[in-house]
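J.: Quick one: sequence plus predicted model below, questions after.
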Amino acid sequence: MKGYLKTTKTPEIKRYCKVLNLQNDRELIEKYKEVHKPGRVWPEIIRGIREVGILDMEIWLSGNTAFMIMDTVPDFDHDKAMKVLAGKPMQKEWEEYVSAFQQAGAKAATPEKWELVERIFVLDK
């Protein structure tokens, strides 16, 4: 496995990391990867993400566990932004669409389905 280059455009950001379990089905996981390829995420979703202050977002996958890294503006209010994002055009439809791939249960169409994780180590601290 090779590493991935990362450049940042802003000197100070706020970072959030989240996890979500996908259905433990190889075919569904491959389809989930397909719908997240460049150019496949609906443009309204990308626009909404940026409008709430998310500067960059990556989703990583290990088995059926998805791990999201969100870099945001420094004054980002996570809970407020997720509520605003949920009301953006096509967001509800996107969440319903991708919920078929996810183990989100009752949270399938809500912003809470991605669970925030706690940072416990920083190399330079």
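T.: Good, I have the coordinates. All values derive from a computational prediction rather than experimental measurement.

J.: can you tell me which helix or strand the most centrally placed residue in the chain belongs to?
T.: Residue closest to the mean C-alpha point of the chain, counted by C-alpha atoms, centre = their mean, is Met68 at 4.7 Å. Following DSSP states H and E, one finds Met68 within strand 65-72.

J.: What segments of this structure are strands?
T.: Ranges of strands in the chain, per DSSP state E, are 14-21, 54-62, 65-72, 115-116.

J.: Please tabulate those in CSV, including the columns mean pLDDT.
T.: Output for these, formatted as CSV (pLDDT from 0 to 100):
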stretch, mean pLDDT
strand 14-21, 95
strand 54-62, 96
strand 65-72, 96
strand 115-116, 93
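
J.: Now for Ile120: which residues touch it?
T.: Under the criterion of C-beta atoms under 8 Å, 6 or more residues apart in numbering, Ile120 has no neighbours. Just so you know, the C-beta spots here come from the backbone N, C-alpha and C atoms, and that holds for glycine as well.

J.: Model confidence for it, exactly?
T.: We note a pLDDT of 93 for Ile120 in this prediction.

J.: returning to that earlier point: ranking the strands of the chain by burial, who's on top?
T.: Among these, ranked by average contacts under mean count of other C-beta atoms under 10 Å, first place goes to strand 65-72 (a mean of 18).

J.: picking up where we left off before, the strands of the chain: which one's closest to Ile29?
T.: Nearest to Ile29, of all the strands of the chain, is strand 54-62, at 7.3 Å by C-beta to C-beta.

J.: Surely Asn21 touches Asn64?
T.: Yes - using C-beta atoms under 8 Å, Asn21 is in contact with Asn64, at 5.9 Å.

J.: Need the residues touching each of these two.
T.: Residues touching both Asn21 and Asn64 (C-beta under 8 Å, 6+ apart) are Gln103.

J.: need the helices for the protein, in chain order.
T.: Taking DSSP state H, the helices of the chain run over residues 26-35, 43-51, 78-86, 91-99.

J.: Average the pLDDT values over stretch 35-47 and round to the nearest integer.
T.: 97.

J.: Show me the contact partners of that stretch.
T.: Against stretch 35-47 from outside (C-beta under 8 Å, 6+ apart): 34, 59, 88-91, 94, 97-98, 101.

J.: Thanks again, I'm all set now.
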